[in-house]
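Student: sharing a sequence plus its predicted fold:
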Amino acid sequence: MDWSVSAPGHRSRRTLRYGVIAIAVAAMLCAYIVTVVTRANAAETLLSQGKPTTASSTENAATPAASATDGDNGTRWSSAFSVPQWIQVDLGSAQTITRVALNWEAAYATAFQIQTSTDAANWTSIYSTTTGTGGTVSLPVTGSGRYVRINATAKATQYGVSLWEFQVYGGSVTTPGSCGASNAAQGKPATASSTENAGTPASSAVDGNTGTRWSSAAGDPQWLQVDLQSVQQICGVTLNWETAYATAFQIQTSTDAANWTNIYSTTTGTGGVQTLNVTGSGRYIRVYGTARATQWGYSLWEFQVRVGGVPSTSNDTPTSPSPTPTGSGNAVLLSYNKPAVASTWQNDTNCNPCSADKAFDNDPASRWATSPTNGWVDPGWIYVDLGAQAHITQVILQWDPAYAVSYQIQTSTDATNWTSIYSTTTGKGFRETLNVNGNGRYVRMYGTQRSNGYGYSLWEFKVYGTGGNPVQPPAPPADPIFPATNLVWSDEFNTGTNVDTSKWTIDPGTGQNGEIQYYTNLENTSIQGGSLVIEARKQTEGGRDYTSGRINTSNKFSTQYGRVEARIKVPKGNGLWPAFWMMGADFLQGRPWPYNGEIDIMEILGKNTNEVYSTLHAPAYNGGGGYGQKLATVDLSADYHVYSVEWDSKHMTFRVDNQVILVADKDTVETTRGPWVYDHQFYIILNLAVGGDFPGPIDATTPFPSRMYVDYVHVYK
């Protein structure tokens, strides 16, 4: 299918490949809403996931106790066919317990207690019922203990009792010098010496999801490090290895990510789940592998860090800077908007144009690529004319998947005679930051070995130093300081009977991604009781059998950075797809998706309203390969919840209420996935889709009409 620019708010997802754009119109129809969450003093923490779990019995080997605390709603614990039965989790240390979430299978308990203990022998009940109804329940509780269990005394069926998930939330009860049980590494910026491929980034080892992983290149040594964002007293590390584990490795800490201290070392690693008690301090912590157990690299499902006391939660939006030029303190960007020449360049329907100048335009969504007709050969090169003699101290290359394994950075005074100031035969692609020392008017990347059967391609080629004849790029807006409190745009949905068209653009028409609804012109939206209502109906219009509503702020309001939030109640039902998201405003000027960038603050699938997705889409990672995360939480259809993103030039932090869904760090994204394309204006979208590739089909149980309620949308700077 050929790509064409859709009306504002329409989108599709494509898988990109060098020289070929394979358009998979599987656009995740997301309605984006901007809301700001007022942060509490401390965020609720999931304490039980991955912790040791035991039970009174198991139905069979396929339903062990551990399956109820693995974070996977597709696995479960089930007991023998009698009562009483219990399941308990060891949190590792005494904790304050604030909530227990239970996702029952059909075989649920009608009578049960939630109990806590300090020794797994003497138990105190903190919740009790004799009228349990199964399903997904969230139980506010007050208690403390190292062990938490469900004690079932009556069951609803002839079978035993069975749980998809047993989640315990709270915070550490700590004294000076004690070791907390919370994972201080979860959601923090993570980097690695290498990645096996784009699907196994460093961030996957600290996302709290044991179904995603980091894996390295097949060589020694390799490392994975986490920025805890402040100096912490580190008292424990848990490594959940994939089959490709380390036999020899060290745990190291640092205050500057440059000088490292060993706090643990072994040459007899056995893989599996290793829980290590350690003593050390630092802002950065890493696992440094020196010998592999297999022919492959190193691979971790999860890298968890425990610290003394509770890590600060006063502001969990990171503030660490992206890489800045090194060398002379006067170094500046010399290459912006300078004349460029390349061995060849691509100019066709797949890349139009991918000329040499695109690598020097400070636009991470445009690129240079060698020609598919005569440029997929070695060598391939590109150079920039700095306008005058310069001293070069740093070069940054942001590669497309068509990168150089072997290449040199060269300088010249005449663009004829070249001197090498950097050389490698182990290029890894993504973003490479090279500290160099050389002089010349011209700077060239000279590739001698390609990474694949295509050519060479660079999103950005930046040269820093002194001298030359630099042109200053446009100044970016200042980063907001979080928590942001200056309300710059809002809609409270408190007046009128329908959408305020001075604030919102109505976006009628058919959806993409296999959706089956037709978006009407104000027929499926209304203001009721202080909320915007978007209603999906079984109704024929526009050649479709279902209708719904979609609105956006295109041509009315856009923003670059800030806190964007909305308070929303979502519907439940197979095939329903409520969303709150943002599109790069240059989409309105004809830049196609995903080059304009997309920020999905919230997507929820009606078939499982206990999960929320936050995702970023860009040319190098989009559609099913977007950079994102899902969070398992309470039933989000039962009440209103606040969905938000805090966004600046270096990070985005996504939350539902006070729970962090995803921390996207610019440095991590650029070094593991591809360009960061979010430093420009974006507008907001809200919609409720029916059916589609992502949520799946509706069925006879899907309720119509179904309603998505939006209490407000706020944007703060």
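Tutor: Happy to help now that I have it. Residues are numbered from 1 along each chain as shown.
Student: can you give me the helices for the stretch 551-700 of the chain?
Tutor: Taking DSSP state H, counting those that start in this stretch as the criterion, the stretch 551-700 of the chain contains helices spanning 666-672.
Student: which parts of it are strands?
Tutor: Listed in chain order, the strands of the stretch 551-700 of the chain (DSSP state E, counting those that start in this stretch) span residues 562-569, 576-584, 598-605, 608-617, 627-632, 641-647, 651-656, 659-665, 682-690.
Student: between those strands, which one is closest to Asp545.
Tutor: Judged by CB to CB, the one of those that comes nearest to Asp545 is strand 682-690, at 9.3 Å. The way it works is simple: take the backbone N, C-alpha and C, and place the C-beta from them, glycine included.
Student: what packs against that closest one?
Tutor: In terms of contacts (3 or more CB pairs under 8 Å, 6 or more residues apart in numbering; DSSP states H and E), strand 682-690 is packed against strand 517-519, strand 531-541, strand 544-548, strand 550-552, strand 576-584, strand 706-716.
Student: now those strands as a markdown table including mean neighbour count and mean pLDDT?
Tutor: Output for the helices and strands packed on strand 682-690, formatted as a markdown table (neighbours: other CB atoms under 10 Å; pLDDT from 0 to 100):
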| stretch | mean neighbour count | mean pLDDT |
| --- | --- | --- |
| strand 517-519 | 28 | 97 |
| strand 531-541 | 21 | 97 |
| strand 544-548 | 22 | 97 |
| strand 550-552 | 26 | 98 |
| strand 576-584 | 29 | 98 |
| strand 706-716 | 24 | 98 |
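Student: next one: stretch 267-275 to chain centre, how far?
Tutor: Using CA atoms, centre = their mean, to the nearest Å, we find the averaged C-alpha position of stretch 267-275 to lie 28 Å away from the chain's own average C-alpha position.
Student: for that stretch, buried residues please.
Tutor: With burial defined by 16 or more other CB atoms under 10 Å, the residues of stretch 267-275 counted as buried are Gly269, Gly271, Gln274.
Student: and for the nearest residue to the second one once chain neighbours are set aside, the neighbour number?
Tutor: Translated: Gly271. Nearest non-adjacent residue to Gly271, counting by CB to CB, 6 or more residues apart in numbering: Tyr245, 3.3 Å away. A count of neighbours around Tyr245, defined by other CB atoms under 10 Å, yields 22.
Student: measure Tyr245 to Gly211 for me?
Tutor: In this view, Tyr245 and Gly211 are 18 Å apart by CB to CB, to the nearest Å.
Student: what helix or strand does Tyr336 sit in?
Tutor: Following DSSP states H and E, there is no helix or strand that holds Tyr336.
Student: ok, it to Trp381 distance?
Tutor: Using CB to CB, one gets 20 Å for the distance from Tyr336 to Trp381.
Student: ok, the two, which is more surrounded?
Tutor: Comparing Tyr336 with Trp381 by neighbour count (other CB under 10 Å), the higher total belongs to Trp381, at 21 against 17.
Student: hey, what's that one bridged with?
Tutor: For Trp381, the beta-bridge partners are Tyr446 (DSSP bridges).
Student: what's the spacing between it and Thr424?
Tutor: Taking CB to CB as the criterion, Trp381 is separated from Thr424 by 15 Å.
Student: could the helices and strands packed on strand 682-690 go into JSON lines alongside distance to Ser490?
Tutor: Compiled in JSON lines, these are given as follows (distance: least, CB to CB, whole Å):
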{"stretch": "strand 517-519", "distance to Ser490": "24"}
{"stretch": "strand 531-541", "distance to Ser490": "12"}
{"stretch": "strand 544-548", "distance to Ser490": "24"}
{"stretch": "strand 550-552", "distance to Ser490": "15"}
{"stretch": "strand 576-584", "distance to Ser490": "14"}
{"stretch": "strand 706-716", "distance to Ser490": "5"}
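Student: so which of these comes closest to Gly160?
Tutor: Closest to Gly160 of the helices and strands packed on strand 682-690, according to CB to CB: strand 576-584, at 32.5 Å.
Student: which helices and strands does that closest one pack with?
Tutor: Under the contact criterion of 3+ CB pairs under 8 Å, 6+ apart, strand 576-584 touches strand 562-569, strand 598-605, strand 682-690.
Student: His452: neighbouring residues, count only.
Tutor: If you look again at residue 452, you'll see it is Asn, not His. Counted with other CB under 10 Å, the burial measure for Asn452 works out to 13 neighbours.
Student: give me the phi and psi for it.
Tutor: For Asn452, the backbone dihedrals (degrees, to the nearest 10) come out as phi -160, psi -170.
Student: name the nearest residue to it, ignoring sequence neighbours.
Tutor: Closest residue to Asn452 apart from its sequence neighbours, by CB to CB, 6+ apart: Ala402 at 6.5 Å.
Student: same check on Asn494?
Tutor: Of all residues not flanking Asn494 in the chain, Gly530 sits nearest, at 5.2 Å (CB to CB, 6+ apart).
Student: mind listing what that neighbour touches?
Tutor: With CB atoms under 8 Å, 6 or more residues apart in numbering as the criterion, the residues that contact Gly530 are Glu492, Phe493, Asn494, Asp711.
Student: number of residues surrounding the second one?
Tutor: What it means is Phe493. When counting by other CB under 10 Å, one arrives at 21 neighbours for Phe493.
Student: tell me how far it lies from Glu523.
Tutor: Per CB to CB, Phe493 is found 17 Å from Glu523.
Student: would CSV of the helices and strands packed on strand 576-584 with mean neighbour count, distance to Thr413 and mean pLDDT be doable?
Tutor: Formatted as CSV, the helices and strands packed on strand 576-584 follow (neighbours: other CB atoms under 10 Å; distance: least, CB to CB, whole Å; pLDDT from 0 to 100):
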stretch, mean neighbour count, distance to Thr413, mean pLDDT
strand 562-569, 26, 46, 98
strand 598-605, 27, 44, 98
strand 682-690, 29, 44, 98
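Student: Asn151: which of the ones you listed is closest?
Tutor: For the helices and strands packed on strand 576-584, distance to Asn151 was read as CB to CB. The smallest value, 32.5 Å, belongs to strand 598-605.
Student: quick check: angle from that closest one to strand 576-584?
Tutor: What separates the directions of strand 598-605 and strand 576-584 is an angle of 170 degrees, with axes from the mean of the first three to the mean of the last three CA atoms, to 10 degrees.
Student: sheet-wise, list the partners of strand 598-605 with their directions.
Tutor: In the sheet containing strand 598-605, its partner strands are strand 576-584 (antiparallel), strand 608-617 (antiparallel), by DSSP bridges.
Student: what would the ones you listed look like in CSV with distance to Pro508?
Tutor: Listed next are the strands paired with strand 598-605 as CSV, based on distance: least, CB to CB, whole Å:
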stretch, distance to Pro508
strand 576-584, 17
strand 608-617, 24
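Student: these: which one's closest to Arg76?
Tutor: So among those, strand 608-617 is nearest, using CB to CB, at 14.3 Å.
Student: now find how far off-centre that closest one is within its chain.
Tutor: For strand 608-617, the distance from its own C-alpha centre to the chain's C-alpha centre is 10 Å (CA atoms, centre = their mean).
Student: which SSE is the closest residue to Gln449 other than its chain neighbours in?
Tutor: In space, Gln449 comes closest to Ser406 once its chain neighbours are excluded; the distance is 3.7 Å by CB to CB, 6+ apart. Here Ser406 is covered by strand 404-412, with elements defined by DSSP H and E.
Student: by contact count, what packs against that strand?
Tutor: Counting contacts by 3+ CB pairs under 8 Å, 6+ apart, strand 404-412 is packed against strand 380-399, strand 419-424, strand 431-450.
Student: switch to 6 Å and redo it
Tutor: Where contact means 3 or more CB pairs under 6 Å, 6 or more residues apart in numbering; DSSP states H and E, strand 404-412 is packed against strand 419-424, strand 431-450.
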